[in-house]
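# model the following, please.
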Amino acid sequence: MSLNIHELCLAATVAGALLAWAPSAEARVTKIIIGTKTSPAFGGESYGAAGQYETLAGRAFGELDPRDPHNAIIQDIDLAPTNARGKVEYMATFLLVKPVDMSKASGLMWHDVPNRGGRITINAGLRVSGDVGLSSGWQGDNSGGTAYGSPNRDYVVVPIAKNRDGSPITGKVLGRIVNRSGVNSQPILVQGNPVPYKPASLDTNQASMTTHASETIEGVVSGINTIPSTDWAWATCSATNPFPGTPDPTQICLKNGFDPALLYQVVFTAKDPYVLGVGFAAFRDIASFFKNETQDDAGTPNPVAKGISWAITRGVSQSGNYIRGFLHLGFNEDEAGRQVYEGAWPIIAGRRIALNFRWAQPDGVLELYQAGSEGPQWWVPWPDHVRHLPTRGILDRCRASHTCPKIIEHFGGAEVWGLKLTPEWVGTAADANIPLPNNVRRYYISSTAHGGGGGGFDQEPPATPVNCPGNNWGQGILRANPVPHTQTVNALIFHMRNWIMKGTPPPPSRYPLLAEHDGHDGRDKHHGHDKHRARRGTLVDANKRDMGFPTIPGLPKSAPTGLINPVLDYDFGPDFNYSDGSGVPTKVPPKIKQVIRMLVPRVDADGNELGGVPVVLRDAPLGTYLGWNITAAGFHKDKICNYAGGMIPFAKTRAERLANGDPRRSLEERYGTHEGYVTAVQAAAANAVAQGFLLQEDADALIAQAAASNVLNP
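Residues are numbered from 1 along each chain as shown. Below is the predicted model of the structure:
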């Protein structure tokens, strides 16, 4: 089922292979090659009326007209090499998952966006429905294991921009090393993956390295010292190969070794920027080919020709941010003017991918100086007076071309606390609820970690603290948050399919809101009171008092005040387009102009968030479930543990909680007995089913799990 590594092209050979093909009148996918076919797949299992499935892994070759308005928005496409027809070429890998007999297919194709190259496909439930799955590459740098030729991964080979005279383009790039010690050399990482650009020179006089003793969550740096150029090298070194080591553009060697108490920051001149925005067009064109074409230019048949009536794209986290950027830059319209996707689902993703600017690092998420929160993060046109940007919205371009899809987005607490979410809801001024258009549904899964937890009801002994995601961040002080997204997502899949295929609207959006005044004439429109009255909101400033967060044993008394990861308003220089997230950053590192006000959900007496969709474990709680955690040690000690969640279990008995000074009611005070807890789970499940956020089969399974659990069960 995986690609044959020997069949894959290296970046340097792609252009030559493409030039041998017949001319094409349009810029699009011109050729597909199926490298590996497994039929039947999945052990030969048959999936309901759809029967057996097969998988086809291969490569798609395409070309883009840099003058076409559909492509001209791609940063540096006018500086990319072109073929004899004046077209810019690319190659992207893909995996197609389809019924062996396409006459049994549903007509719906899910085009999944790989996260850092990780290939994914539709699950067994969607195969039972007869859906087609497609995964294809979009990320054109070498981060996250997406190096050309990696098996079981999807990536795109994009061109490298050159000056018009053919000379290399150079520019400043920033990299950071944190929580490292000893004499061994270290790579510069972004979100745990290599920075995708190499220095133009290994002469350290052409770069600068500084150490930081501390950094606040708002980006205030202190204890800055410069390491002399003679005391570090672009090199591989170790105890047996000491400084200055062996020259290596991907590693940094320090004369005196690394100090784990310090953060190391290097600014260097890089060369050869990737034209990464080509990844948007490649993803668009592959979807359009499988949806609309019968064959490629060489006559190779489209394996799903005339079998796709609807297409939905979805992505999780980084790849969800990709979808938001894809829509914002107008890529849901192909070069023939056709709408590509009828549906889009950015999952646990509230920002736009940092992809379409020179020297972009799309693996970046939330660390200091990383882009991705610039410009409109909201769907409809909304003012951004705080950052002095024009009134814009993500859907502006697809509205103009009448190609906007139906959109579902869902999030949890980790996206609020660690991933800079709430300006999408209330703008940078944080003073009003931004309205949602009719084609968007938003669902908040309260008090959950990034992507949700593993579920389950058993009362386990103290668990191992959760790891903080990212670049050697360390661990959190709290155990992992178990509240799942799984069952909610199952219900949303049901609603998304019906919305796209049948036009049946999903449940109304549900997420925390600012307080609002009802009516415009001084009368409460719901209660008829003469006095203008405000409805209490569930979205408040990110501090303990306004949230109503209790003082819980095991947490700092001030928590969670000071833990929110804010949007920082960066100055990347005059050549950067802040509305589109395009252009060329010239200030490295960027100056922080201001810190944007961040809001979070209010909580109940237990510290669990309000304002979200019903979830059984959240509504029949066994503890306080948090979308945040606190870093236990290292450079980021006592700061937010990136986007990890946490849990603080309830005491079992009243005596136990009183002995611990815990204000939260114990399990026995809440539920009485094991049977009482099962009854609470039954009620929570019935409520979620009634509101459309839980399928009955999942409700039955959860109730059975609760009955078999050890909650208050001797």
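# and the spatially most central residue of the chain, its phi and psi?
Nearest residue to the geometric centre of the chain (CA atoms, centre = their mean): residue 317, 1.8 Å. Main-chain dihedrals, residue 317, degrees, to the nearest 10: phi 60, psi -120.
# pretty sure residue 687 sits in a helix.
Yes - looking at residue 687 with DSSP: H, G, I helix; E, B strand; the rest coil, it is inside a helix.
# find the nearest non-adjacent residue to it, please.
Take residue 687 and drop its neighbours on the chain: the residue closest to it by CB to CB, 6 or more residues apart in numbering is residue 614, 5.2 Å away. Where you see a C-beta, it was placed from the backbone N, CA and C, and this is true even at glycine.
# also residue 544?
residue 561 (4.7 Å).
# so that neighbour versus residue 545, what's the distance?
8 Å (CB to CB, to the nearest Å).
# which one's more surrounded, the two?
residue 561 (16 against 9; other CB atoms under 10 Å).
# so who does that one touch?
By CB atoms under 8 Å, 6 or more residues apart in numbering, residue 561 lies in contact with 542-545.
# which of those residues count as buried?
Among the contacts of residue 561, those classed as buried by 16 or more other CB atoms under 10 Å are 542, 544.
# now the contacts of residue 561 as JSON lines including secondary structure?
Conversion of those to JSON lines gives the following (three-state DSSP):
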{"residue": "542", "secondary structure": "coil"}
{"residue": "543", "secondary structure": "coil"}
{"residue": "544", "secondary structure": "helix"}
{"residue": "545", "secondary structure": "helix"}
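# what's the domain layout of the chain?
Here the domain parsing of the chain from automatic domain parsing is 5-17+27-162+275-411, 170-271.
# in terms of mean pLDDT, which of those ranks lowest?
When these are compared by mean pLDDT, domain 5-17+27-162+275-411 comes last with a mean of 92.
# next one: it to chain centre, how far?
Remark: domain 5-17+27-162+275-411 is offset 15 Å from the chain centroid, using CA atoms, centre = their mean, to the nearest Å.
# neighbours of the nearest residue to residue 479 once chain neighbours are set aside, how many?
Nearest residue to residue 479, sequence neighbours excluded (CB to CB, 6+ apart): residue 463, at 4.0 Å. Residues contacting residue 463 under the criterion other CB under 10 Å number 12.
# what helix or strand is residue 463 located in?
Counting by DSSP states H and E, no helix or strand carries residue 463.
# correct me, but it touches residue 480?
Yes - between residue 463 and residue 480 there is a contact at 6.5 Å, judged by CB atoms under 8 Å.
# I'd say residue 259 and residue 183 touch.
No - under the criterion of CB under 8 Å, residue 259 makes no contact with residue 183, lying 11.4 Å away.
# between the two, which one's more packed in?
residue 183 (18 against 15).
# and stretch 412-429, how far from the chain's centre?
13 Å.
# now stretch 613-622
From the chain centre to the centre of stretch 613-622 is a distance of 25 Å (CA atoms, centre = their mean).
# quick one, grab the pLDDT at the residue nearest to residue 544.
Reported pLDDT for residue 561: 97.
# helix, strand or coil for it?
coil.
# now do it against residue 418, distance only.
In terms of CB to CB, residue 561 sits 16 Å off from residue 418.
# quick one: contacts for residue 421?
So residue 421 contacts 350-351, 411, 415 (CB under 8 Å, 6+ apart).
# closest one to residue 322 out of these, please.
Nearest to residue 322 out of those is residue 351 (CB to CB; 10.3 Å).
# what segments of the stretch 201-350 of the chain are helices?
278-292, 318-328 (DSSP state H, counting those that start in this stretch).
# columns mean neighbour count and distance to residue 595 on top of those, output as a markdown table?
Output for the helices of the stretch 201-350 of the chain, formatted as a markdown table (neighbours: other CB atoms under 10 Å; distance: least, CB to CB, whole Å):
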| stretch | mean neighbour count | distance to residue 595 |
| --- | --- | --- |
| helix 278-292 | 26 | 30 |
| helix 318-328 | 27 | 21 |
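# which of the ones you listed sits closest to residue 550?
Of the helices of the stretch 201-350 of the chain, nearest to residue 550 by CB to CB is helix 318-328, at 32.2 Å.
# and that closest one, what does it pack onto?
Judged by 3 or more CB pairs under 8 Å, 6 or more residues apart in numbering; DSSP states H and E, helix 318-328 is in contact with helix 278-292, strand 310-316, strand 343-347, helix 396-401.
# out of these, flag the one nearest residue 241.
helix 278-292 (37.4 Å).
# other SSEs contacting the closest one?
Where contact means 3+ CB pairs under 8 Å, 6+ apart, helix 278-292 is packed against strand 29-38, strand 51-64, strand 88-99, strand 108-112, strand 132-136, strand 156-157, strand 310-316, helix 318-328.
# need the next SSE after the second one, C-terminal direction.
This means strand 51-64. Later in the chain than strand 51-64, the nearest helix or strand by DSSP H and E is helix 69-72.
# check which residues of that following helix are buried.
Using 16+ other CB under 10 Å as the test for burial, helix 69-72 gives 70-71.
# same for that helix, what does it pack against?
Under the contact rule (3+ CB pairs under 8 Å, 6+ apart), helix 69-72 is not packed against any helix or strand.
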